[in-house]
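Colleague: Quick check, what structure comes out for this input:
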Amino acid sequence: MSQFTGLVLLAGKDSPGITVSLYETLSQFAVKILDIEQVVIRDRLILTTLISLDPAHASAIEGDLLEMANSKELDLAIDFSDLDATPSKDGNTVHISVLSKQLLPSQIAAVAKEIATLGGNIEKIQRTTNYPITAVNLEVAFPDEYANENLIAKLRRAIGQVAKSEKIDVAVESSGLLRKSKRIVMLDMDSTLIKQEVIDLLAEKAGVGDQVEKITERAMNGELDFTASLKERVALLQGLSVEAIAQVATEIELTAGARTLIRTLHKVGHKVGVVSGGFLNVIEPLLKDLQIDFYRANELEIVNGVLTGRTVGQVIDRDAKATALLDFARKEGVDLAQSIAIGDGANDLGMIEIAGLGIAFNAKTKVSEVADSSITSPYLDSVLYLIGISEEEVREANRV
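Modeller: Purely as a prediction, here's the structure:
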C-alpha cells in the first residue's frame, strides 16, 4: 500500500499563533494528518507534520504554506512523495536512556555509532532533565530480522561497553506499553537507600568500628561469605544497649534523591520494596516513614535490653534477597520482567541478576559488570530518568 504524502517542516523563532496558522492553512484542503511533532529549544521552534493529500493539490498547498511561513518569518521545507503505508510490526523499537553529569557530543556519537553498527535507526531523541544531570531518551527502531529475544541483551552488552569508555550511565529496555505499566522497584538499604552501613554505625557505638569496617568491606567485595561475615561482625556487638540502637536510628542519612525517588514511584503507580543485610531493629522506623510497600532485613537478638551478639531468624544474604524480590513480585501480581533491582554490593547480585532491569548504584566493580545498567552519580532519583520518567513528571509528582 502507498499514499501520496507531504512532510512539512517549519523552523524559526517561536511565537504565539504559529501552530494555528499552519493548521488553518492546511484546513482549506482535503488533507489528513498522519503525524505531528514540535519542539522548542531556547525559543527556536521546529514544527513538523506529515499529511496525506491529493497529488493534484500539492502545488496549491505549497504556495499557501510558503505565504504563511513568510508572514511569520519562518523557514519552510516540504517534501512530497509516495509513502509506503504498510503497518510496521510491533516489538522492533528499543528505548535507550543516556545520563551524564556533562553531556558531550562525543558521548552521543559513540552511542549512535554502536546503534548503527547493530542495525538500528534512531527515530527520536528527547531530553528529560538537565539538572543536576542531563538525561536523554532515544527511541531506536530495528528491522524485523533483528526483533528477537536476544536484541536487548546484545544492546545492553554493546552500549554497556560504550558507557564505560565514555563515562556515562545508560539503560536499555523494550519500548511499548510494558514500559509504562506497573513496576516493582526493590532497593538495597546500606549505601544505596541510605548513605551509611548500619552495622558500621552500631560498631562505632560498641567501640569496634575499625574491626567491623574491614570485615564489611571484604564482604561487600565478595571476598567473604556474607553469612559468615555477618555472624563475625554481629558477635562483636555483644553487650550494646537498645539505647545505642535507638540513637543509631536517628543518625541514618538518606541518599540524595531517595525520598524523591520513592514519592515519585508511588505517585505514578509503582510499588517500592527494601531488602537489607542490615537490621530491622534500626531501619524499620525509617521504612515506615517512607511508606515502603515491602521490606525484609536481619534482626538482632536482644535480651534484657542488650545485644546478645546473635541474629534471629533467616539471614538476609544474596539468595534471600533474590527470594525477596520474587515474593514481592508475587505479592503485587507483577511479572518479574517488570521488576527493577538496585544495589551496590556482592550481596545484591542475586536480585540484580533476576530482575527485569538490574541497576548498580555507585557499586563495586563486580556488581557493575553484572548489572544491566549502572548509575555513577550520587543522586538516587537518577533511576527515574533511566526508566523514562521526565523532569516534568517528577515535579508534578512531588508538588506539595
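
Colleague: Looks to me like residue 291 is in a strand.
Modeller: No. Counting by DSSP: H, G, I helix; E, B strand; the rest coil, residue 291 is not part of a strand but coil.

Colleague: Now residue 328: which helix or strand?
Modeller: Applying DSSP states H and E as the criterion places residue 328 in helix 318-332.

Colleague: any residues touching that helix, and which ones?
Modeller: By C-beta atoms under 8 Å, 6 or more residues apart in numbering, the residues outside helix 318-332 that reach it are 182, 184, 186, 188, 226, 271, 273, 275, 277, 293-294, 296, 314, 316, 335-336, 338-339, 341, 343, 346-351, 353-355. To be clear about C-beta, it is placed using only N, CA and C from the backbone, and glycine gets the same treatment.

Colleague: now, which of those lie within strands?
Modeller: Among the contacts of helix 318-332, the ones falling in strands (DSSP state E) are 184, 186, 271, 273, 275, 277, 294, 296, 339, 341, 343.

Colleague: So, low pLDDT: which residues of the stretch 301-400 of the chain?
Modeller: Within the stretch 301-400 of the chain, the stretches with pLDDT under 70 are 400.

Colleague: Check which helices and strands the least confident helix or strand in the chain by mean pLDDT is in contact with.
Modeller: Taking mean pLDDT, DSSP states H and E as the measure, the chain has helix 209-220 as its least confident helix or strand, at a mean of 86. Helix 209-220 sits against helix 198-206, helix 226-235, with contacts defined as 3 or more C-beta pairs under 8 Å, 6 or more residues apart in numbering; DSSP states H and E.

Colleague: What values do phi and psi take at residue 301?
Modeller: phi -80, psi 130 (degrees, to the nearest 10).

Colleague: What strand or helix carries the residue lying closest to residue 373 once chain neighbours are set aside?
Modeller: Nearest residue to residue 373, sequence neighbours excluded (C-beta to C-beta, 6 or more residues apart in numbering): residue 171, at 4.1 Å. Residue 171 is located in strand 169-174, with elements delineated by DSSP H and E.

Colleague: what's the average pLDDT for that strand?
Modeller: For strand 169-174, mean pLDDT is 91.

Colleague: again with stretch 23-37
Modeller: Average pLDDT, stretch 23-37: 94.

Colleague: now stretch 221-231
Modeller: On average, stretch 221-231 scores 86.

Colleague: Stretch 63-72 too?
Modeller: 96.

Colleague: how distant is that stretch from the center of its chain?
Modeller: Relative to the chain's own centre, stretch 63-72 is displaced by 43 Å; criterion: C-alpha atoms, centre = their mean, to the nearest Å.

Colleague: What residues sit buried inside it?
Modeller: Across stretch 63-72, burial judged by 16 or more other C-beta atoms under 10 Å covers 65, 68, 69, 72.

Colleague: Tell me what angle the helix holding residue 328 forms with helix 226-235.
Modeller: 100 degrees (axes from the mean of the first three to the mean of the last three C-alpha atoms, to 10 degrees).

Colleague: Could I get the buried residue list for helix 318-332?
Modeller: For helix 318-332, the neighbour count (16+ other C-beta under 10 Å) marks 318, 320, 321, 322, 323, 324, 325, 328, 329, 332 as buried.

Colleague: List the contacts of the closest residue to residue 158 other than its chain neighbours.
Modeller: Nearest residue to residue 158, sequence neighbours excluded (C-beta to C-beta, 6+ apart): residue 114, at 5.1 Å. The neighbours of residue 114, taking C-beta under 8 Å, 6+ apart as the test, are 158, 159, 161, 162.

Colleague: Quick check: the second one touching residue 97?
Modeller: No. In this structure, residue 159 is not within contact of residue 97 by C-beta atoms under 8 Å, at 10.1 Å.

Colleague: quick one: which of the two has more around it?
Modeller: When residue 159 and residue 97 are compared on other C-beta atoms under 10 Å, the one with more neighbours turns out to be residue 159, at 23 against 20.
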